[in-house]
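Asks: With the input below, show me the fold.
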Amino acid sequence: MASFRMGPTTHSVPMSLFQKNRQKTAAALREHGSVKSKSYVLLAGGDDVSFNDTDISYLFRQESYFQYMFGVKEPGCYGVLEVDSGKSTLFVPRLPEEYATWMGKLYALDEFKQMYEVDEVRYVDELNAFFESAHPLLILTLSGLNTDSGLVSKPARFEGIEKFVVDCDLLHPVIAECRVIKSPEEIEVLRYVAKVSSDAHIRVMQFMHPGRSEYEGEAVFLHHAYAVGGCRHASYTCICGSGVNSAVLHYGHAGAPNDGPVRDGDMCLFDMGANYCGYAADITCSFPANGKFNEDQKLIYNAVLAGRNAVLQEARDGVSWVDMHKLACRVMLQKLKDGGMLKGEVDDMLEAGLAGIFQPHGLGHLIGLDVHDVGGYIAGQPSRPGEPWLSKLRFARTLKAGMYVTVEPGCYFIEYLMDRALADPNLNKFIVVEVYERFRKFGGVRIEDDVLITKDGCENFAIVPRTVEEIEKTMAIRKE
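Replies: Predicted coordinates:
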């Protein structure tokens, strides 16, 4: 049986995973009233991308929909799926003999067929001839809006495609919905990459202490994920914020490259996830730099943890994700009230939108081949909520068994949001100012787990210390 595997101690991903994804997609298209017989799906894989105008390329990552259907490592490929029969044809570039000198063995078409368990392999320059002989009534290409990035996927093309009837809109919502519910084989890959990422987070927690730099924690994570887990890629740029940087939601970008010093008394918020065979993990751990929580850190951390625990208790098939966001916020605000930072009725705080000051992002997102996975806001699903404190939710669906989501409540002290709250009489009436001001340079806390929704509950794939006591015990075991 063909498979993807980085090494003898890493997870073996069977090519049957992608074969089943193709069959699932073909079946969904056959059930769609607008798809004719003799229809074919045409997908383009990713291409090598040059670094500016040089002859060096960025490290290649496969296009996600193509990965979902074919699991192919190489760039420059195309894939065709015959909807009626489910037959698959992989098209690979016709490379010159000289390729073998610089890049390694030139595989024969039969070798690609065995490697990826497809029905047929041909060369890319044969696409036109393939379709001319197939006489399709419809070619389905992929074009649709990614509601997280705001970008539109580019439909596949080949020379001569204009001779055929092509639809570039119908496929997107169908294949995106197929990706929402994970297969048993996909779940095992996701379980593996979450375990690798969890172990790497623990390694980072035991390594960090005052005097380190944020990027050192990033380096420890990436080393473990690759050297131990075989994860050549991270799923996104690592976020390694300490002190006030831990309140920057997407810290770690080019202008703030995890370059801050870690100081005694800081909270660290490290959001990092490895990627294996295209599948993502996305885990956040928050912990005190010196390994011991002070009372203010305990207050904020335990408020976030209580919100997370409430969601994990209630999340299951049939539950509204919007309700889960509201639940997390309600529990967190109650804990902040119990700690003396807030006053008044929690329901009134929610109505006024106070939760959005402390947690300006949504509770979490779908996750799979993309860290912010597809299927959030597509045709036939609930639209984005209009209330400002709910508008950042990346999806607003009813949960289904087989969905894989992040649960990531947070509490942050972002100065311009603090100033906005204090200046707004609809919000400042709930705030105990002298306590609130004490946290102006605190930073933030986020707890993020990767969670599989089941019929009767959920399963958390992030296996990391979460309580104050567990974190302190883990960090007491220092490793260089």
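Asks: now the helices: where do they sit in the stretch 301-450 of the chain?
Replies: Applying DSSP state H, counting those that start in this stretch to the stretch 301-450 of the chain gives helices spanning 321-338, 346-352, 355-358, 415-423, 425-428, 433-437.
Asks: Single out the most deeply packed of those.
Replies: Across the helices of the stretch 301-450 of the chain, the average number of neighbours (mean count of other C-beta atoms under 10 Å) peaks for helix 355-358, which reaches a mean of 24. Backbone N, C-alpha and C define where each C-beta goes, glycine included.
Asks: looking at the helices of the stretch 301-450 of the chain, which is closest to Asp259?
Replies: Closest approach to Asp259 among the helices of the stretch 301-450 of the chain (C-beta to C-beta): helix 415-423, 20.2 Å.
Asks: Could you list the residues in contact with the closest one?
Replies: If you take C-beta atoms under 8 Å, 6 or more residues apart in numbering as the criterion, helix 415-423 is touched by 354, 357, 360, 427-428, 431, 433, 436, 440.
Asks: do stretch 333-344 as well
Replies: Defining contact as C-beta under 8 Å, 6+ apart, one finds that stretch 333-344 is touched by 299, 302-303, 306-307, 346, 349-350, 354-355, 358, 411, 429-432, 435-436, 439.
Asks: Just send the helices of the stretch 301-450 of the chain back as JSON lines, with distance to Phe287 and mean pLDDT too.
Replies: Converted to JSON lines, the helices of the stretch 301-450 of the chain look like this (distance: least, C-beta to C-beta, whole Å; pLDDT from 0 to 100):
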{"stretch": "helix 321-338", "distance to Phe287": "18", "mean pLDDT": "98"}
{"stretch": "helix 346-352", "distance to Phe287": "27", "mean pLDDT": "98"}
{"stretch": "helix 355-358", "distance to Phe287": "19", "mean pLDDT": "98"}
{"stretch": "helix 415-423", "distance to Phe287": "23", "mean pLDDT": "98"}
{"stretch": "helix 425-428", "distance to Phe287": "30", "mean pLDDT": "98"}
{"stretch": "helix 433-437", "distance to Phe287": "23", "mean pLDDT": "98"}
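Asks: For His365, which of these is the nearest?
Replies: His365 lies closest to helix 321-338 among the helices of the stretch 301-450 of the chain, at 9.6 Å (C-beta to C-beta).
Asks: how far away is the most centrally placed residue in the chain from His365?
Replies: What sits nearest the mean C-alpha location of the chain, by C-alpha atoms, centre = their mean, is Val371, with 1.4 Å. For Val371, the distance to His365 equals 8 Å [C-beta to C-beta, to the nearest Å].
Asks: now swap in Ser3 and tell me
Replies: Counting by C-beta to C-beta, the gap from Ser3 to His365 is 29 Å.
Asks: again, but for Leu399
Replies: Distance, Leu399 to His365, using C-beta to C-beta: 13 Å.
Asks: Show me the protein divided up by domain.
Replies: 3-179, 184-475 (automatic domain parsing).
Asks: Could you look up the SS state of the closest residue to Glu126 other than its chain neighbours?
Replies: Spatial nearest neighbour of Glu126, chain neighbours left out: Phe91 (6.9 Å); criterion: C-beta to C-beta, 6 or more residues apart in numbering. Phe91 falls in the strand class when you classify it by DSSP: H, G, I helix; E, B strand; the rest coil.
Asks: same deal with Asp84?
Replies: Classification of Asp84 by three-state DSSP places it in coil.
Asks: and it, what does it touch?
Replies: Contacts here follow C-beta under 8 Å, 6+ apart; on that basis Asp84 touches 30, 37-39.
Asks: Convert the C-alpha atoms of the lowest-mean-pLDDT helix or strand in the chain to PDB, please.
Replies: Here the helix or strand of the chain ranked lowest by mean pLDDT, DSSP states H and E is helix 99-102, holding a mean of 95. In PDB, the C-alpha atoms belonging to helix 99-102 read as follows (Å, rounded to 0.1, in the frame of the first residue of the first chain):
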ATOM      1  CA  TYR A  99      16.400  17.200 -14.500                       C
ATOM      2  CA  ALA A 100      18.100  14.000 -13.300                       C
ATOM      3  CA  THR A 101      21.400  15.700 -13.000                       C
ATOM      4  CA  TRP A 102      20.200  18.500 -10.700                       C
END
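Asks: And the contacts of it?
Replies: Leu106.
Asks: tell me how far it is from the chain's mean position?
Replies: 36 Å (C-alpha atoms, centre = their mean, to the nearest Å).
Asks: Give the next helix or strand downstream of it.
Replies: Where DSSP states H and E defines the elements, the next helix or strand beyond helix 99-102 is helix 109-116.
Asks: Following element in sequence after that next one, please.
Replies: strand 120-123.
Asks: Show me which residues of the helix or strand that that next one is followed by are buried.
Replies: Scanning forward in sequence from strand 120-123 by DSSP H and E, the next helix or strand is helix 127-134. By neighbour count on 16 or more other C-beta atoms under 10 Å, the buried set for helix 127-134 is 127, 130-131.
Asks: Also stretch 399-406?
Replies: Neighbour counts over stretch 399-406 (16+ other C-beta under 10 Å) mark 399, 401-406 as buried.
Asks: Equivalent analysis for stretch 223-234, please.
Replies: 224-226, 228-231, 233-234.
Asks: ok, how many other residues are close to Leu43?
Replies: Using other C-beta atoms under 10 Å, Leu43 has 25 neighbouring residues.
Asks: relative to helix 127-134, how tilted is the helix or strand hosting it?
Replies: Secondary structure from DSSP H and E places Leu43 in strand 39-44. Comparing the axes of strand 39-44 and helix 127-134 via axes from the mean of the first three to the mean of the last three C-alpha atoms, to 10 degrees yields an angle of 170 degrees.
Asks: Which elements pack onto strand 39-44?
Replies: Packing contacts for strand 39-44, counted by 3 or more C-beta pairs under 8 Å, 6 or more residues apart in numbering; DSSP states H and E, involve helix 16-31, helix 64-70, strand 78-82, strand 138-140.
Asks: Now tabulate these in a markdown table and tack on distance to Asp48 and mean pLDDT.
Replies: Putting the helices and strands packed on strand 39-44 into a markdown table (distance: least, C-beta to C-beta, whole Å; pLDDT from 0 to 100) gives the following:
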| stretch | distance to Asp48 | mean pLDDT |
| --- | --- | --- |
| helix 16-31 | 21 | 98 |
| helix 64-70 | 14 | 98 |
| strand 78-82 | 15 | 98 |
| strand 138-140 | 25 | 98 |
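Asks: Just put the ones you listed in a markdown table and tack on mean neighbour count and distance to Ser197.
Replies: Shown next, in a markdown table, are the helices and strands packed on strand 39-44 (neighbours: other C-beta atoms under 10 Å; distance: least, C-beta to C-beta, whole Å):
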| stretch | mean neighbour count | distance to Ser197 |
| --- | --- | --- |
| helix 16-31 | 19 | 20 |
| helix 64-70 | 24 | 19 |
| strand 78-82 | 23 | 29 |
| strand 138-140 | 22 | 35 |
